[in-house]
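Colleague: Any chance you could fold what I've pasted below:
(one chain, ligands or ions: 1)
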Amino acid sequence: MEDNGRRWWRLVLIASPLQGHMTPLLQLGTYLHSKGFSITIAHPEFNPPDSSNHPDFVFLKLPDNLSGPGSFPSFLGFLQALNDNCRPHLQKHLVEIINAQKDESEKESIVIIHDNLMVFGGSVAVDLGLPSIIVHTSSAAFFPAYKIIPQLHHEGRFPVHDSLMQEIVPELKPFRYKDLPFINLPIQDAVESANMITPKSPPSAFIWNTLEFLEPSALTQIRQQYQVPIFTIGPLHKTSPTPSTSFLEEDTSCITWLDKQQPKSVIYVSLGSVANMDKKLATEMAWGLVNSNQPFLWVVRPGSVKGFEWTEFLPEGLVAEIKLRGLLVKWAPQKEVLAHNEVGGFWSHCGWNSTMESVSEGVPMLCQPISVDQLMNARYLSYVWKIGIEIVLEKRQIEDAVRRLLVDKEGEEMRQRAMEIQQNVKLAVSHGGSSQNCLNDLVDFILSL
Ligand code: UDP
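Modeller: Got it, this is the predicted structure:
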């Protein structure tokens, strides 16, 4: 981008190889490109984005020598290796670009915008004297909850004693100890993860894929801790829609199936791109769905039921029952599904993207948080925004929860509240709304660096 004919801008966006992180980063790149910036997407070799969907970007593959988190005993170990392995190539590449720009008039201004897990982006920026911006693709509340781990550990509150689990953490209202994202991690891993994602030197700014009105107190807390601009520009799938960013192929046949259902009658079930379950739980889910008598669209990601390629875990009798009122797919066009008028509820693991996508369409949720930020997101949904029911994973309770959400008055009231939130999202992303203003401010801020 040319700035008054003097300067050119190249934004180097460093992507993490997780679906829930890659998607918002590509959406952000799309927005910034539409404002005239040149975009480089630096990404690990593992889980690369589909460059053919983004012909305007330059893609820089960072050799990582990894085959994914599964080959590491812990996710932290994977992250550390990812950061260590990707860093040298990025640094070398940027040094080459800077050295090649001998002519002052053709100099590009480089800004590093990195995913919060790709922390090496911040240290490369410090080494090369470049500005850096950190992008958070989880809720704002997740950040202080992670940062506080060493303090809780030091004060003897982590590991958390059973008697404290239901109590609210005074520094993190309204979250309880049991909602903390690191609650199931070994102590050492939790403390090291907190140290890893806490920036060593403050970035020039933060970007959050969230909305001001959804989490005002968490954002106030972060603003008190960091004196740099914080841009809340979410939900990015609304502020900057892109072509598909899925690693897996979307099965669009489910839209035709949805077209044949009754309005607000379908429960959509998906546990995201990472979560796995065992055969017992998956079978319990299937029985609960079948017995609810509601139509259901269920994403069973290949390999997500341990020990099975896809749905071979289902007994034959159950398959026949499923066919009567349900549809199973390997991967759905989720945003389209949630926007479909026939979908009345979303049974989700409460990943942040899924949460944002559901609130943007006014769809209430059944919450089955599994780990990390999902526990906090479920608390937001059920306790703060009151548009979610925490599900108990037993077939009768599942059947009951599905009917409470789709048939009962309780669900109808939640749907009303969800639709009020949807209206506020629409306002935030339209001209003069908070997210739209933040996007404009972000562009001005980058040009001021
Ligand atoms: N998703 C999708 N199709 C599916 C299931 C999920 O497109 O069948 C997308 C979903 O729209 C969301 C992302 O995958 O953007 C999942 O991200 P989230 O943060 O919810 O959970 P994660 O996968 O990181 O646990």
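
Colleague: quick one: buried residues of whichever helix or strand Ala418 is part of?
Modeller: Secondary structure assigned from DSSP states H and E places Ala418 in helix 409-429. With burial defined by 16 or more other C-beta atoms under 10 Å, the residues of helix 409-429 counted as buried are 411, 414-415, 418, 421-422, 424-425, 427-429. Just so you know, the C-beta spots here come from the backbone N, C-alpha and C atoms, and that holds for glycine as well.

Colleague: Tell me the spacing between Leu449 and the ligand.
Modeller: 29 Å (C-beta to the nearest ligand atom, to the nearest Å).

Colleague: What is the burial count for the residue nearest to that residue when sequence neighbours are not counted?
Modeller: With sequence-adjacent residues excluded and distances taken as C-beta to C-beta, 6 or more residues apart in numbering, Leu449 is closest to Pro131, at 4.6 Å. Residues lying near Pro131 (other C-beta atoms under 10 Å) number 17.

Colleague: Next: Ser52.
Modeller: Quick note: Ser52 (other C-beta under 10 Å) scores 7 neighbours.

Colleague: that's a helix at it, yeah?
Modeller: Yes - counting by DSSP: H, G, I helix; E, B strand; the rest coil, Ser52 is part of a helix.

Colleague: Run through who's touching stretch 207-222.
Modeller: With C-beta atoms under 8 Å, 6 or more residues apart in numbering as the test, stretch 207-222 has contacts from 24, 28, 113, 133-137, 139-141, 143-144, 173, 206, 230-236, 352-353, 356, 359, 380, 385, 421, 424-425, 428, 434-435, 442.

Colleague: The residue nearest to Leu449 contacts Ala125, doesn't it?
Modeller: Yes - between Pro131 and Ala125 there is a contact under C-beta atoms under 8 Å: 6.7 Å.

Colleague: Where does the prediction get shaky in this structure?
Modeller: Under the criterion pLDDT under 70, the flagged ranges of the chain are 1-7.

Colleague: 80 instead?
Modeller: Along the chain, the model assigns pLDDT under 80 to residues 1-7, 67-71, 102-106.

Colleague: and it, which of its residues are near the ligand?
Modeller: 18-20, 23, 246, 270, 272-274, 299, 331-332, 334-335, 351-354, 357 (C-beta under 6 Å from any ligand atom).

Colleague: Mind doing that once more with 8 Å?
Modeller: In this structure, the chain approaches the ligand at residues 18-21, 23, 137-138, 237, 244-246, 248, 250, 270-275, 299, 301, 329-335, 337-338, 348-355, 357, 374, judged by C-beta under 8 Å from any ligand atom.

Colleague: for the buried residues of helix 409-429, which one is nearest the ligand?
Modeller: When these are compared for distance to the ligand (C-beta to the nearest ligand atom), Val425 wins out at 15.5 Å.

Colleague: distance of that closest one from Tyr383?
Modeller: 20 Å (C-beta to C-beta, to the nearest Å).

Colleague: From what I see, Ala286 and Ala320 are in contact.
Modeller: No - contact status for Ala286 versus Ala320: not in contact, 11.7 Å apart, counting by C-beta under 8 Å.

Colleague: more neighbours, those two?
Modeller: Neighbours were tallied for Ala286 and for Ala320 using other C-beta under 10 Å; the higher tally belongs to Ala286 (26 against 11).

Colleague: Check which helix or strand the closest residue to the more buried one other than its chain neighbours maps to.
Modeller: Leaving aside its chain neighbours, Ala286 sits nearest to Leu318 (5.6 Å; criterion: C-beta to C-beta, 6+ apart). In the assignment (DSSP H and E), Leu318 maps to helix 316-325.

Colleague: Which strands and helices lie in contact with that helix?
Modeller: The helices and strands touching helix 316-325, judged by 3 or more C-beta pairs under 8 Å, 6 or more residues apart in numbering; DSSP states H and E, are helix 279-292.

Colleague: Name the residues of the helix it packs on that are buried.
Modeller: Neighbour counts over helix 279-292 (16+ other C-beta under 10 Å) mark 282-292 as buried.

Colleague: I'd like those residues as TSV, with distance to Arg157 appended.
Modeller: Supplementary listing: the buried residues of helix 279-292 in TSV, determined by distance: C-beta to C-beta, whole Å:
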residue	distance to Arg157
Ala282	35
Thr283	38
Glu284	34
Met285	34
Ala286	40
Trp287	40
Gly288	36
Leu289	39
Val290	43
Asn291	42
Ser292	40
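
Colleague: and the residue of the stretch 301-449 of the chain found nearest the ligand, how many neighbours does it have?
Modeller: Here the residue of the stretch 301-449 of the chain nearest the ligand is Gly351; by C-beta to the nearest ligand atom that distance is 2.3 Å. Gly351 is flanked by 26 other residues according to other C-beta under 10 Å.

Colleague: if we can go back for a sec, so which of the buried residues of helix 409-429 comes closest to Phe182?
Modeller: If you rank the buried residues of helix 409-429 by distance to Phe182 using C-beta to C-beta, Ile421 comes first, at 27.9 Å.

Colleague: Which secondary structure state is assigned to the residue nearest to that closest one when sequence neighbours are not counted?
Modeller: Nearest residue to Ile421, sequence neighbours excluded (C-beta to C-beta, 6+ apart): Val359, at 5.1 Å. Following three-state DSSP, Val359 is assigned to helix.

Colleague: quick one: Val359 and Glu420 touch, right?
Modeller: No - between Val359 and Glu420 there is no contact under C-beta under 8 Å: 10.3 Å.

Colleague: So what's the gap between stretch 415-426 and the chain middle?
Modeller: A distance of 20 Å separates the centroid of the chain from that of stretch 415-426, by C-alpha atoms, centre = their mean, to the nearest Å.

Colleague: How about residues contacting that stretch?
Modeller: 211, 213-214, 235, 238, 264, 344, 358-364, 385-387.

Colleague: likewise stretch 246-255?
Modeller: Contacts with stretch 246-255, where a contact means C-beta under 8 Å, 6+ apart, come from 19, 22-23, 47, 244, 273, 297, 301-302, 327, 329-333, 336-337, 340.
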